[in-house]
Structures are given as structure tokens and as C-alpha cells.
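Novice: With the input below, show me the fold.
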Amino acid sequence: MKRLISTVLVMLLFVSSVEAKMHFADPKPTFDNPRRVIMKLNRSDIHYANHLLGTIYNLLKIYPSDTLKVAVLVYGPGMRVIKKDYDKKTLERIESLMDYDVEFVGCLNTMETMGWTKKDFIDDIDYVQAGVAEVIERQAAGWIDATPY
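Specialist: Numbering: from 1, shown residues only. Purely as a prediction, here's the structure:
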């Protein structure tokens, strides 16, 4: 019995010391040819927004520096998430991601419909006229949609 327990403990130590390694598909992501990923933020639900932000943080941990470009395309109810009066901790997470060159792109059509101006939103947001059209064009240009659920 002692031998069995010792064997199991040794196996557990070995398994816990093995690090999972990411195998990148060819062509491998590089500085000159990074993976280009879009995420659609089209809901104002705080849990959804923070799950999406967490997913981006996880991606940034996996890909070597400068081999991943992430654009968060924000439109519809999702525009509430990047307003200055949204949840402070969520906005801090967004601003932190922006420090890592994650691009946030807001929809002017949604803003016009809601009567909002750029002053209502956090700094350093890029804007396009139609968020959904930007999704279409980025996908047509080869960007990968990795929006979680």
C-alpha cells in the first residue's frame, strides 16, 4: 500500500511540473505577421463584459509579445460599457488593456441614436460609423472573430 501511495505521489508531482505548451499553427504568429483578432462587445451586461476582458487578458498571456493584435468592436448596448459612468473597475480593466495596445472601436451610429457624444466615453477610443460594418470588413480582411459565447 505504501508503494502505491508513493507511486501516485511521484506521478502527481511529475504531472504538476509539466507545463502545457501552446502549439501555434503555421504560419506561426510573428511581429510581421501577428494573429489579428476581433471581439464583439455588443451587450452592456457587466458579467459578459468582464468575461470578454478576461478572455483578452488570457490571450495576451499565451501569445508572445507583439504577435497578437486585438480589436474590441463596440456597438449597440455594448457602448454603455465604455462610457465614463460605467463600472469603475471594468473601465480600469479596459484602460489597462489599452496600455497593451488592445484597440477599442466604438460605433457612431449607436452614439447618434442614444444622443451620446465622444465626451461621454473614456479616452483613446477609436470610432467608426457602423460597428457591424467594421466587423464585416475586418473579417473580410482576415481578422478572426474570437468573441466568447
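
Novice: Now name the helix or strand holding Met39.
Specialist: strand 35-41 (DSSP states H and E).

Novice: okay, the angle between the next helix or strand after that strand and strand 35-41?
Specialist: Downstream of strand 35-41, the first helix or strand assigned by DSSP H and E is helix 46-62. Angle of helix 46-62 versus strand 35-41, following axes from the mean of the first three to the mean of the last three Cα atoms, to 10 degrees, is 170 degrees.

Novice: helices and strands around helix 46-62, which ones?
Specialist: strand 35-41, strand 68-74, helix 88-99 (3 or more Cβ pairs under 8 Å, 6 or more residues apart in numbering; DSSP states H and E). (Glycine included, C-beta is placed from N, CA and C.)

Novice: Single out the most deeply packed of the ones you listed.
Specialist: Highest mean neighbour count of those: strand 68-74, a mean of 23 (counted as mean count of other Cβ atoms under 10 Å).

Novice: what about that one, average pLDDT?
Specialist: In this model, strand 68-74 has an average pLDDT of 98.

Novice: That one vs strand 35-41, what angle?
Specialist: Going by the same axes, to 10 degrees, strand 68-74 makes 20 degrees with strand 35-41.

Novice: Strand 68-74: partners in the sheet, and parallel or antiparallel?
Specialist: strand 35-41 (parallel), strand 103-107 (parallel) (DSSP bridges).

Novice: Only C-alpha atoms, please: export the first one in PDB.
Specialist: When you say that, I think you mean strand 35-41. What follows is strand 35-41, C-alpha atoms only, in PDB (Å, rounded to 0.1, in the frame of the first residue of the first chain):
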ATOM      1  CA  ARG A  35      -2.700  37.000 -35.300                       C
ATOM      2  CA  ARG A  36      -5.400  39.600 -35.800                       C
ATOM      3  CA  VAL A  37      -8.400  39.000 -33.500                       C
ATOM      4  CA  ILE A  38     -11.700  40.800 -33.100                       C
ATOM      5  CA  MET A  39     -14.000  40.600 -30.100                       C
ATOM      6  CA  LYS A  40     -17.600  42.000 -30.300                       C
ATOM      7  CA  LEU A  41     -18.800  43.900 -27.300                       C
END
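
Novice: Noted, bye for now.
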